[in-house]
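Asker: quick one: sequence and predicted model below, then my questions.
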Amino acid sequence: MESNGDLDADLNKLEKARHRFISEIAKNVHLYGISPSVGRLYGTVFFSDKPMTLDEMSESLGMSKTSMSTGIRALYEANMVEQVWEKGVRKDLYKTEEDWYKSFSTVFITRWRNATEKNVTAIKETKSMLHELGETTSCDEIKEKVTRDLNRLTEAEAYYGWINDVISLFESGKIFDIVPKKQKVNT
């Protein structure tokens, strides 16, 4: 049987190991459009032995319940956590989404679709302006620049068409036919 000293030392080592991962998640979670504090929340829920309530999250992180509510909503919208129910528990419970690929796909699709749509709209508007300028200018140098710019924008349109094809691969799940999900490796 372990002594309390051994147990305390082992618990400290466990917390240190968990903190290592949580710190790295907090540093890099901006790629998902999420703040470092919400990344720490994610790590806390990730290592929890059971689904957590907002009160438990707040106590664990020393942050307000309002902050936990805002953070968990951001994680939920990114498909990084899911709400679960347990018989007899009246408060909302959350646990991390076990399918990390789903989380990545959701964030990838949302961010890239929004950016692509904005860029394609800008291309169309710019092309319209350039066509109008090309038709009204009498300056040959401006006409050449308009033609060059229109060609560049047409190349950009093709690129964004390709990005939309990639997004469609994620939306349909066909990306996993091309790049299969990795299976869990036993430690």
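Answerer: Looks like it came in fine.

Asker: CA atoms for contacts and neighbours, from now on please.
Answerer: Will do.

Asker: would you mind finding the longest helix in this protein?
Answerer: Taking DSSP state H as the criterion, the chain has its longest helix at helix 100-136.

Asker: tell me the mean pLDDT over it?
Answerer: Over the span of helix 100-136, the pLDDT mean works out to 93.

Asker: same question, stretch 143-152
Answerer: Predicted confidence along stretch 143-152 averages 97 (mean pLDDT).

Asker: how far off centre is that stretch?
Answerer: The offset between the C-alpha centroid of stretch 143-152 and the centroid of the whole chain comes to 37 Å, using CA atoms, centre = their mean, to the nearest Å.

Asker: residues contacting the most centrally placed residue in the chain?
Answerer: Centroid-nearest residue in the chain: Tyr32, 2.7 Å away (criterion: CA atoms, centre = their mean). Each residue near Tyr32 by CA atoms under 8 Å, 6 or more residues apart in numbering is listed here: 78, 104, 107.

Asker: my guess is the last one contacts Leu75. True?
Answerer: What that stands for is Val107. No. Counting by CA atoms under 8 Å, Leu75 is not a contact partner of Val107; they are 10.4 Å apart.

Asker: between these two, which is the more surrounded one?
Answerer: Here Val107 and Leu75 are compared on neighbour count by other CA atoms under 10 Å; more neighbours surround Leu75, at 23 against 18.

Asker: which helix or which strand is home to the more buried one?
Answerer: According to DSSP states H and E, Leu75 maps onto helix 65-77.

Asker: now Glu171
Answerer: Glu171 belongs to helix 140-172 when assigned by DSSP H and E.

Asker: between that helix and helix 100-136, how big is the angle?
Answerer: Computed by axes from the mean of the first three to the mean of the last three CA atoms, to 10 degrees, the angle separating helix 140-172 from helix 100-136 equals 160 degrees.

Asker: what residues of helix 140-172 count as buried?
Answerer: When burial is assessed from 16 or more other CA atoms under 10 Å, helix 140-172 yields the following buried residues: 143, 146, 150, 153, 157, 160, 164, 167, 169-170.

Asker: how about these in a markdown table, adding distance to Leu133?
Answerer: Listed next are the buried residues of helix 140-172 as a markdown table, based on distance: CA to CA, whole Å:
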| residue | distance to Leu133 |
| --- | --- |
| Lys143 | 8 |
| Val146 | 8 |
| Leu150 | 11 |
| Leu153 | 15 |
| Glu157 | 20 |
| Tyr160 | 24 |
| Asn164 | 29 |
| Ile167 | 34 |
| Leu169 | 38 |
| Phe170 | 39 |
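
Asker: now, among the residues you listed, which is nearest to Asn4?
Answerer: Lowest distance from Asn4 to the buried residues of helix 140-172 (CA to CA) belongs to Phe170, with 49.9 Å.
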